[in-house]
Every structure is written in C-alpha cells, then in structure tokens.
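Enquirer: have a look; sequence and predicted model below, questions after that.
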2 protein chains.
Amino acid sequence: MAKYMSMENLRFLLNEVHDIKEVLAFDKYEDYDEESVNILMDSIKDYCDKEYYPVFREMDEDPARMDNGGIYVHPAVGKAIKYAGENGMIGAQFSYDDGGQQMPIMLYTSLSHIQAAANNNIGGYAGLTAGAAGLILSFGSQELKDKYVPKMLSGAWGGTMCLTEPQAGSSLSDISSSATPQEDGSYKIKGQKIYISGGDHEYCDNFVHLYLARIDGAPEGTKGISLFVVPKFREDDQGNLESNDVTTAGDFQKVGQKGYCTTHLILGEKDSCQGWLVGAPNKGLSYMFQMMNGARIDVGMTAASVATAAYYASLEYANERPQGRKLSSDGSKDANQEQTMIINHPDVRRLLLSQKALAEASVSILLRCSKLEDIILTSEGEEKENAHDLLEWLTPIAKTYPSEFGIKSVSNGLQVLGGAGFCSEYILQQYYRDIRIMSIYEGTTGIQSLDLLGRKSTIKNGKALQLVAAEIKEAIEAAMTYDELKPYAQTLGSKLQEMQEIIMNLMQYAMKGDYERFLSDATIFMNYASHVVVAWHWLEMATKAKQALVTGNLSFQEEFYQSKIHTMKYFFKYELPLTAGWKETLLSQEVVTIMKEKELIS
Amino acid sequence: MAKYMSMENLRFLLNEVHDIKEVLAFDKYEDYDEESVNILMDSIKDYCDKEYYPVFREMDEDPARMDNGGIYVHPAVGKAIKYAGENGMIGAQFSYDDGGQQMPIMLYTSLSHIQAAANNNIGGYAGLTAGAAGLILSFGSQELKDKYVPKMLSGAWGGTMCLTEPQAGSSLSDISSSATPQEDGSYKIKGQKIYISGGDHEYCDNFVHLYLARIDGAPEGTKGISLFVVPKFREDDQGNLESNDVTTAGDFQKVGQKGYCTTHLILGEKDSCQGWLVGAPNKGLSYMFQMMNGARIDVGMTAASVATAAYYASLEYANERPQGRKLSSDGSKDANQEQTMIINHPDVRRLLLSQKALAEASVSILLRCSKLEDIILTSEGEEKENAHDLLEWLTPIAKTYPSEFGIKSVSNGLQVLGGAGFCSEYILQQYYRDIRIMSIYEGTTGIQSLDLLGRKSTIKNGKALQLVAAEIKEAIEAAMTYDELKPYAQTLGSKLQEMQEIIMNLMQYAMKGDYERFLSDATIFMNYASHVVVAWHWLEMATKAKQALVTGNLSFQEEFYQSKIHTMKYFFKYELPLTAGWKETLLSQEVVTIMKEKELIS
C-alpha cells in the first residue's frame, strides 16, 4: 500500500495547530471527544486503504460513460454509496434532528481529506447528495424534507446540483430553464443542464436534482432564478416511482476524474417533467450560494488532497530511485562512487519541497475554514459574525490556491519521476489530469478572484480584511518569541502591509467609477493574497513545531517538527518572493487586458 | 480547418526580424531564394492541412501500442514517412554530397514549426531518422555511410537514438550496455534501452539504432562510452536482411504524444546481436552531444508549436463563445444587454495574451538559434566561433522556456474554455497532455539549467554571456529610437545588468569550491535568464513592428503590427516582473535544498 496522505500531519494540524479541542468543547458536539475523533479517522483511513485507493486507477481506465442507454460507473461507486449510507456518512455533518450525526465540520473535512487523497473520483457522489439534501433541509418545506432527505441520506437516492446550461456557462443570469406553475402547486420544468456531476447511474434508485430555473414571467437576470427539486422519478398516487421526463442525454468524456460521471440532462422533452419549488420564488441563487461556499471548500480540499497524494508518490520514488552522483567540490562527478538516490539532488529536493509546501499549507487553510464553520454553527453575535466574515474572505483563496497552484505542484511531482512520470504505468500522470478540473469547478479562478477582490475585500468597509490582518498579526507575534523564526515573521509582516497598500491603490479605480480597471487584475491579486495566506499558515505551523521542539512535548518524531520548520523556510525562500513580481504588476499603470478586439488579431 | 499556426507570424519573423535574406545570400544556399522559401513553406502548410492536422486527434485515440508482437502505429505515420522520403524532406538540411537538399536551417526549422503545430505526434519519426543519419555522416566510416544513409533518407529504414537504460536514466555515465570486439571488426552488443522513440513499427523495413555502449575494458563513466550502429536486421552474405537479435519488448503507454511510439528494446538476448563502431572508441558521448544540441532545438520548437496551436484553439473559442457581460462603471451587470464574447473579459484576454506571448517569443528564439546554425555552417574564424558560443548559451533556454513555461501556457489555454477545456471533445486537453513531455525529453529542465549556469555561462570566462549581452544591448539601442518603446528598453537594460550581477554573486560559491551550492538554484537562474531572453525577443519584435508602422512599409495588416507591440507590453507588465522574485531567491543566503534526508520525512 503506497502512502497517499499523512495521518501524522492531519493530527498535528487538528490538535497542535487548529486546536480541535476548542470545537469539541461546544455543546453541540458533546458526543465527540478526542478519542472518538481518532477512532473515526482511523476507521475511514482503514476503509480507504481497502476500498478507495485500490480502485483509483481502475476507475480511470474503466471510466464513467454512456452505455446501453444508461450511465456506466465503476462498481466501486455503488459500494461506496452503500457504505456511506449505512454508516451515516452522507450528511454526517447535519444535526441529529435533520438525520445527521452532528459531526464537527473539522472532523468531516478531515475525513474528506483522507478519502479524496485515496481516490478523488468517488467522494463527489455522496458529497453532492449531501449538498442537495442540505439545500432541502435549509430552505425546503417539511413535505419536501420528509419525502426526499431520508432516502438521500441512506444512499438510496442520489442528489445533484443543476446550475450550468449550454448557452450560459458560468453566467448564471442567463439560465433559461423554465418553470410553469401547475394547479397542484408544482411546476412544469423544461430545459437542459450540462456538466451535472453524479447525475445518473445504476447504483441509486432515483436522483434528486436541485435545479435552477426561471418561473414564467420572472425578472431578468439573477433576480429571477428559483430553486426546484426535480426528481428523475416521481411518485404516483400509489407511491410507486414513475418517469418524471428527465432524460440523460450523455456523459461528458473528460481528460481527468474519469471515474466521476458528468452528465447532460434534458428535462421536459415530453412536456411532463414536474418540479417542486424550494423556498420562495426568485431566491434560488442566494440559496444555491449557501451550498456553493461549502462546495468551494470541498473542491479546495479535493485539490489539496490530490496534491498530497502526488507528493507522497513522488517522495517514494525519489527515495528509492538511484541515479547520478552528488557533485564534488569542483563540480566533477566520480563514476566509481555508488549512485545516489535522486532525493539528494538539490533540484529534485526543491521540487519535492514545493509539493510538500503546497499540500500541507492547503490542508491547514481548509481546516481553518472548517473550524470557522464550526464556530458559525455554534456561536452567536459578534463571534459568529466575525467568523462568518473571515470565512467569506478565506473561501475563494481556500478554493483557488490548492486548485490553481496545485496544477504546478503535481506537475513538479511528475517531473521528479522524469520520463517515468509521463508513463501511464506510474500514477503521477493521473493526478496531473485529475487536478486540472479543480480550478474550473464551482467558479473558475477568474471568478473566485473577482469575488475576492471585488466583494470579499471591500464589503463592510473591508472588515474581513481587518479580521484577517489581526489573525496574521497574532501569528507573527507568536513566531517572534523564537529567534529562529523572527526574520520570517518580519517578512510576513511587511508582505501583509504591502497587500493592504495594494488594495488601497486598486480601490482608487473603483472610487473613480472604473470598475473594470479595478478588477482587471483580480487574478494577480489572488496570487498575491493567497501567498500571504500560505506564508501565514506556514509560519503558524513552524511556530507550533518550534514550540513542541523547545518544550519537548512531542507527539511525533523530532524530524516531523524539524521538517515543518524547514518547509516554512523553503516557502519563504522560493515561493513568497514571487509576490514582488505580482506587486509590480498590480501597481503598474499599464493597461493591456482591457482593449479593442483587433489588438489580439494575428 | 481550424487555425493551428500563423504563416503571417512566421513570415514576419523570418523576413522582418531575423532577416533570412542574410542567410540566403550564403553561397551554400544559392539554390534558395525568397520565392522558393515561400513556395516550400506554402506547400508544407498545404500538406499539413490535408495530412497532419486531420489525424491529430485520431492518433491520440488510436495510440501506438504493442499489438500481435509488433508495434502498432497509426497508418498516417507510414504515409508521412513515405512522403518525407520521396520529397527529400528527411535530412533536407544535409549537404548535397550527403544526399540532402542543402536546405537552410532557418527554413528547415520553419517547416518543422508548421508540422509540429499541425500534429506533434508525427514529425519525430523522420526527425530522429535524420538525426541518426546525421551522426553516421559526421562520424561514421564510408562503408557505414554507404550502407545506411541512403536507405534512411529515402524513408525505407528508420533511425533512432538509444541512450536511456533502465538503471541509469539521465545519468549516462552509468550506461551498462556492453560491446565485445569480434574478429571481423564488428562488436557483439548486449543490453537494453528504454524510451526509444520511433523504435519499431511496420512502416519501415529496418531500424538503424545509434546505440551507446561500453566496449569491454573501457574506462568507467562517460569516458568509456562508444557509439555503435546496431540495425534491427543485418545483411547476410547475399545481402538479404536477417534478424540481428534486437527484440522489441514493449511500447511504453504515455499520458500524451500517444501517437508517437516509445519502445523498450532488448539486444543480444540470443548472444547474436552485432553492432558497428561509429568513429573512435570511447568518444560516443561527444558524438551524441552534437546530435543532442539539434535535438534540443527540435524539442523546443515542438513545444513552441504545441503552445502555438493551443493558442489559436483558445483564441477561436474565445472569439465565438458568448458568456456574461462587460461590467458597468459601478461594477454591476445589465442582464438585458446582449452577452459579450468571452474574449472581452479582461482575465480571459490576459490568459490569451500569456499564450500568445509565450508562443511567438519561443518561435522567434528558435529561429535565432537556427540562423546561428546557418552561420556556423557557412562561416569561418571568429564569426563562426562567436555564433557557436552564442548558440551554446541559448540552446538550453531555447529548449526549456517553451517546454517548461509552455505547460502553464497550454494550461491557461485550457482555462479559457472553462469546463469545455476539460472535456475530451475539445482539443486543448490533448495539447495539455502532449506538451508535458517536452520538459523531460533530451535532458530535463533541471539538467538544462545545470548546463546553462554551470557550463554555458562560465566557459571561456563567460564569453557567451558577453556576446549575448552585446546582442541585447543592440536590441535596446534600436528600441530607444522610438519614444513608445523607450521605457521597455530601459527595463530590459536593468534586468540584463541584474542578471550579470546575479551570476557574479553565484560564482563566488564556485570559487570557494562549493559547487553544489553554486548550482543548487540553477533552475531558478534558468527562469530568470529565460525571461530576460524572452523580453529581448519581444522588444526586438516590437521594434520591427514599430518600424514598419512608422515607415508604412507593411507586409501585413496594421493590426498585426499593433498586436506585436501590445503583446510586448503584456510581457513586460505580467511576466518580466517575476524576475524580481527569482532574484530574491537567487541572492538569498538561505540553504534549504542541500540537506540531510531526514528533513523531508513526514
């Protein structure tokens, strides 16, 4: 069994960095304690070792596809849904009242990490079902809840999110699916949706589509979008399932995540597709956004987990592959010497450290987000509001950094293997393909960046940013108590200040009414801000590691802690300096991406 | 027919930037003039439109593989080899005496660009055959030349380069294939080679392997490696082909370039494999390196061409795909407005410009290298030596920049398409997979970087670097005559000076005898140096464009020239500033990649 993630690292982050004990102390989570958390994590790890990881490559080679009029998915999907349903893992984070296990989000996210690192092609099936059930629970009528949620949480019925339409893409204001009110209170649905993950297969008896459509006569744009439950099969008067005129037209073939089906659905071709409104008319998008924030965290964690698995695969190869020799002091090599393992070549080490730096910081950021969710769920007043504002700002980064920079991280991992990395025999190429979708799912990097700069950094007069700055300053202060960490703490301090100056600078465009200019380099700002956030998380990890080494209060081997400090130094030497270039770009007066079309012709 | 490269751009580079007329004026190339160059380029473009581009996706979906004991490749390979053989395109760059067409390298490289942009899975078959024939022509006996070269240039026999062995990888000093002298002057060969491109298929009657092996008793390391011709079939006394005990053990399945076979060869299993020495014993590696420089240019051009094709595929999509709306001055969007084409979104435009900037600069750098080759082939004395030194320094950059940064460029192109980019229906995902091998072929990025910093920048007291600096200064001076270009020229000037300072700084480690430290960040230096070189090429292109616009001496539409200046500005705003971060890394005192192994454990 190859190592695909580190339980030590996960425990270090939960216990020593993000202090899960604080969360376990909340009344809501009284049934959980450190021991049960450990047992649950171990049992999921054990399950993934046996059931997730061994089928990972098979699912790629035997992909989801249209077959005999239905969607074929690997049998492991059926097994996983059954297991998750039987063990209460679908919607485990829901309250007892809602049929969940009232599981702390920190723990839920940790389990997701283990699963996605083992096999990123399976988790989405149950994950989206939980997301869909969550929408019904939050905004649906009691009737809808009773009818759908229990069957979804048991795994009998699957759930999906139906947003994208062929003509609209990311532009949800252009959704054209229609909903016509019927006398019985339901709606007649007509339209089509593409890229619907987990939209159909043989291992669920029914599919419950959470569907965005426009009620006849609704306002234009996003203000006229409503949310519906549209099942594949509806119940007739006797409670038997009958066709609801939802046709699966195909399964998109993709370059990666081939085990995860991506369907094309056509609704109401025979004019007999029924849907039921969730919540109030025209509020669909705001409901969907509640789900989408969670989904973005999930995507970030999936990307972080793929990058983690790729890291361990590269590390294993580098530790076992002899090739070449270390240089002597004059640059010559002695062919009589034994070959060295490639991990001893500085450039290979740099590649590996780049992988480790990305993977571990990403997981840490995502656990911070999860803790904030736990605080939001269990607190009131200012504490809740602050946690909410902070999470809102961090979410686009937590989604984008692992996804966008994860591509490079996995590509670096492939490079460690040289020619072998390009060969299908080795697993790196699958990670290279799988991770590529993450910066597109649930809002592309461009969209996340507009959200970060255009909304999250400016609402409430930039309050979220002040909260972030306060947290970072706290981390800096903690690091300053150790001489070894001081220079890095100081560097982070000046980068934080620079980031604030950059925002003030860009804001001037917005204040002059030039919004397009304000936002035109939002993606470069995302690069800058995410690297500040990653530096913060590395400094924090290094501080906790240093603390453990100094006090001798070690839960793991000394090397584990030393490696944390070391990787922090790697990040500050090789990655954080890139902000210098992005700053130059962001402050440049030159405008080259807002322009007349002809300038690109050639 | 989708656009996959720009003939206008190629002509602009050949005629207006790199002045192919200077090369056509050499006696050696007296049979070529501007008209014949144009005719040849047009006819290859026409051929590629009909025969290369249409089978590009098929070759991916119907990959090279082991089948019925032989290697299956797409029939298009047979057609292409036949065409190339019949039209004298295999080894067209060789002299008439050697059976070639004495074609200027600049033209040969231009034709390669067209072919590789149309289909990067085909050209290697004939390209490697020419490379192998070139080695025999340069170093082989008259007997070897007569026996092998004509059949190779006609396309009847294929050629390969056999370097990599399973246990040695990039470390050629560990090659263990053996060659035992026989009484008849030949050698008995034993060994195996992996990753042998074009090593076997049904469309050639024989394969001529240029094979590195160690003669019994030869010195250890690279000083004991000799070069052999080892055919798959040897001629018996009657001149009939008989087995030469070369077994094709398999075809490596890869994530990209699936149409290009990659074989595993086992030689001498039955103790009856014969090889013939090329040149002197123990000189094999230096011979191979002559070929390798050309091969590196080829890989660079292939990467540049894949990136070019990806650019036009993304551009076409962005020009035709409506989605979303432009922001109004307060950041709101009017849903009643018609949707805009996605090319009008600044972030999409930035992605496209990043593709264009990489693709066109890369082609320009490679044409400069080709011109230097032409000068080396036709001149004497100092001129020849300077061209040689300059080319030596540029080669690792010309190979690495398009390969390494091309990955990001194609990934950006995929991002332009959003979800569609991840779908197999669209071609971007194939480019994303295909380009990934380029930074591994013919010496990985790490190896190229060691070469650039450790050898090319230091030999002859850094003479190559002085030559480069002189050329860049010339380009700066030319740009300074136009007010619009002045600021960019000045920026390039200071980056050039910085680069020289960085080298001086790093050299101190070498002088102190700490060679490992000197070279540990060679790849970061490669990033820095390649961006200076790209900025130089953009400034040069912009200067020529400005000149054309000012004088009104236009060969293409005005927009073509404006777009050149515009893309230069893009590069100076978004890419060149990254050097600021790399400088910080290169000058940092921190050492994190030379270390004890335990520091990575976790």
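Expert: That came in fine, so what should we check first? Numbers count the residues shown, from 1 in each chain, chains lettered A, B, ... in the order given.
Enquirer: and residue A:502, what does it touch?
Expert: By CB atoms under 8 Å, 6 or more residues apart in numbering or on different chains, the residues touching residue A:502 are A:525, A:528, A:583, A:586-587. Just so you know, the C-beta spots here come from the backbone N, C-alpha and C atoms, and that holds for glycine as well.
Enquirer: what about it, distance to chain B?
Expert: According to CB to the nearest CB, to the nearest Å, residue A:502 stands 13 Å off from chain B.
Enquirer: so how many other residues sit close to the residue of the stretch 101-250 of chain A found nearest chain B?
Expert: Relative to chain B, the nearest point of the stretch 101-250 of chain A is residue A:221 (2.9 Å; CB to the nearest CB). When neighbours are counted by other CB atoms under 10 Å in any protein chain shown, residue A:221 registers 20.
Enquirer: residue A:330 too?
Expert: Around residue A:330 there are 8 residues (other CB under 10 Å).
Enquirer: what residues does it make contact with?
Expert: B:513, B:515.
Enquirer: where does it sit: helix, strand or coil?
Expert: Three-state call for residue A:330 (DSSP: H, G, I helix; E, B strand; the rest coil): coil.
Enquirer: hang on, the residue of the stretch 101-250 of chain A closest to chain B packs against residue B:339?
Expert: No: with contact defined as CB atoms under 8 Å, residue A:221 does not count as touching residue B:339 (11.8 Å).
Enquirer: about what we covered before: give me every residue that touches the residue of the stretch 101-250 of chain A closest to chain B.
Expert: Contacts of residue A:221 by CB under 8 Å, 6+ apart are A:173, B:333, B:335-336.
Enquirer: return the per-residue confidence for it.
Expert: pLDDT recorded at residue A:221 is 90.
Enquirer: ok, now the one 3 residues further on?
Expert: On pLDDT, residue A:224 comes in at 96.
Enquirer: give the burial count for the nearest residue to it once chain neighbours are set aside, as a bare number.
Expert: Nearest non-adjacent residue to residue A:224, counting by CB to CB, 6 or more residues apart in numbering or on different chains: residue A:218, 3.3 Å away. Residue A:218 has 17 neighbouring residues, counting by other CB under 10 Å.
Enquirer: ok, residue A:471 touching residue A:390?
Expert: Yes: checked against CB under 8 Å, the pair residue A:471 and residue A:390 is within contact range at 7.3 Å.
Enquirer: still on that earlier bit, which of the contacts of residue A:221 are buried?
Expert: A:173, B:333, B:335 (16 or more other CB atoms under 10 Å in any protein chain shown).
Enquirer: can you map out the strands along chain A?
Expert: For chain A, the strands defined by DSSP state E cover A:65-67, A:70-72, A:157-162, A:178-181, A:187-197, A:206-215, A:226-231, A:233-235, A:241-243, A:246-251, A:262-267, A:274-278.
Enquirer: and these as CSV, adding distance to residue B:354?
Expert: Formatted as CSV, the strands of chain A follow (distance: least, CB to CB, whole Å):
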stretch, distance to residue B:354
strand A:65-67, 34
strand A:70-72, 37
strand A:157-162, 31
strand A:178-181, 39
strand A:187-197, 25
strand A:206-215, 33
strand A:226-231, 37
strand A:233-235, 47
strand A:241-243, 48
strand A:246-251, 32
strand A:262-267, 27
strand A:274-278, 41
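Enquirer: output these in CSV; the columns should cover distance to chain B and mean neighbour count.
Expert: Listed next are these as CSV, based on distance: least, CB to the nearest CB, whole Å; neighbours: other CB atoms under 10 Å in any protein chain shown:
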stretch, distance to chain B, mean neighbour count
strand A:65-67, 11, 15
strand A:70-72, 16, 17
strand A:157-162, 14, 27
strand A:178-181, 16, 19
strand A:187-197, 5, 22
strand A:206-215, 11, 25
strand A:226-231, 15, 26
strand A:233-235, 27, 17
strand A:241-243, 28, 13
strand A:246-251, 10, 19
strand A:262-267, 8, 22
strand A:274-278, 22, 23
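Enquirer: list the contacts for the residue lying closest to residue A:515 once chain neighbours are set aside?
Expert: Counting by CB to CB, 6+ apart, residue A:515 lies nearest to residue B:331, which is 3.9 Å off, once chain neighbours are set aside. Contacts for residue B:331 (CB under 8 Å, 6+ apart) come out as A:454, A:510, A:515, A:518-519.
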